[in-house]
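S.K.: Here is my input, please return the structure:
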Amino acid sequence: MKNLLKITIAFLMLLSLDTYAQESIISSIKYADLEKYIALAKQNYPRRKAFDQGVQKAKAELPITKLSYLDIFNGSYFYRPEKKSVLDPINPYNVNGFQFGINVNLGTFLQKPFTAKKAKAELKIAEAQAEEYDLALVVEVKKRYYAYIQSINQLKIYTESVQDNKNTADNLKYRFAKGETTMDNYNQSRINFTNAQTSQIQAEVALLTAKDALEEMIGMKLADVK
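M.R.: Residues are numbered from 1 along each chain as shown. Predicted structure coming up:
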C-alpha cells in the first residue's frame, strides 16, 4: 500500500511538472511581433516624438548660429542733398550725397565662438537624451508585452480551473443527491467553483488592462498591427 502511495505521489509530481512546462509563457512570446511593437512605439509614442522635436530644434539652431555672425556688423548711411551746402567745407569727408558706414560690435564678435560651441553642445545633449529614452522605451514596450502575454496565459489557466471546478461541483451535487458524499464536501466544491470564477474575472480584467497599456505605448490597436 505504501509503495502504491509513493508511486501515485511521484506520478502526480511528474504530471505537475509537465503541466507547468506546458503553461510556460516563453513559448508564447513572438519576437517578430515584439519588434513591430517597439518600432511603432518609437514612431507613435508622444514622449518619443517630443525628444525627436528636441533634436530637430537643436539642429535648426546651428545654421541660425552661423548666420548670427552677421549681427557683429551694423551698417549705416547718411544722405545730404546735392544742393545743400556742406556743414564743414574744410573736412573732405563731409560731402553731399550718400555716405555709408559699417560698425563692428567687438563684444558680440568675441561671444560668437562660444555661442556656436553652446549650440553644438546642446545638439549633442538632445541626441544623447533621445538615445537614452529609446533604450528606456524598448524596455517599457517589452515589459508591457510580457505582461500582456502573461495575462493571456493566466486567463487560460483560470478558465480551465473554472471548468474543472464546475465539473467537480456538478459531480458532487449528483453524488450528494444520491447520498454518496457529505454536505460539507458539496458546499466546499461550490465555494471552490465560485473562487475559480472570481479569479477568472480578475484575470480578464488584468488582460484588458495589459492590452490597453501596450496599445497606449504603440499608438494603435493590436488588431490593426500587421
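S.K.: how close does N44 get to K221?
M.R.: Distance, N44 to K221, using CB to CB, to the nearest Å: 12 Å. Just so you know, the C-beta spots here come from the backbone N, C-alpha and C atoms, and that holds for glycine as well.
S.K.: Look at those two and report which has more neighbours.
M.R.: N44 (14 against 9; other CB atoms under 10 Å).
S.K.: Give me the neighbour count for the closest residue to that one other than its chain neighbours.
M.R.: Closest residue to N44 apart from its sequence neighbours, by CB to CB, 6 or more residues apart in numbering: G219 at 2.7 Å. Using other CB under 10 Å, G219 has 15 other residues around it.
S.K.: which residues touch G219?
M.R.: L40, A41, Q43, N44, Y45 (CB atoms under 8 Å, 6 or more residues apart in numbering).
S.K.: Run through the neighbouring helices and strands of the helix or strand containing N185.
M.R.: Per DSSP states H and E, N185 falls inside helix 183-218. Secondary-structure packing of helix 183-218 (3 or more CB pairs under 8 Å, 6 or more residues apart in numbering; DSSP states H and E): helix 31-44, helix 106-177.
S.K.: Next, the contact list for the residue nearest to L214 when sequence neighbours are not counted, please.
M.R.: Leaving aside its chain neighbours, L214 sits nearest to R144 (4.5 Å; criterion: CB to CB, 6+ apart). By CB under 8 Å, 6+ apart, R144 lies in contact with A210, A213, L214, M217.
S.K.: Let's see that with 10 Å instead.
M.R.: Contacts for R144 were tallied using CB atoms under 10 Å, 6 or more residues apart in numbering; they are Y37, A41, A210, K211, D212, A213, L214, E215, E216, M217, I218.
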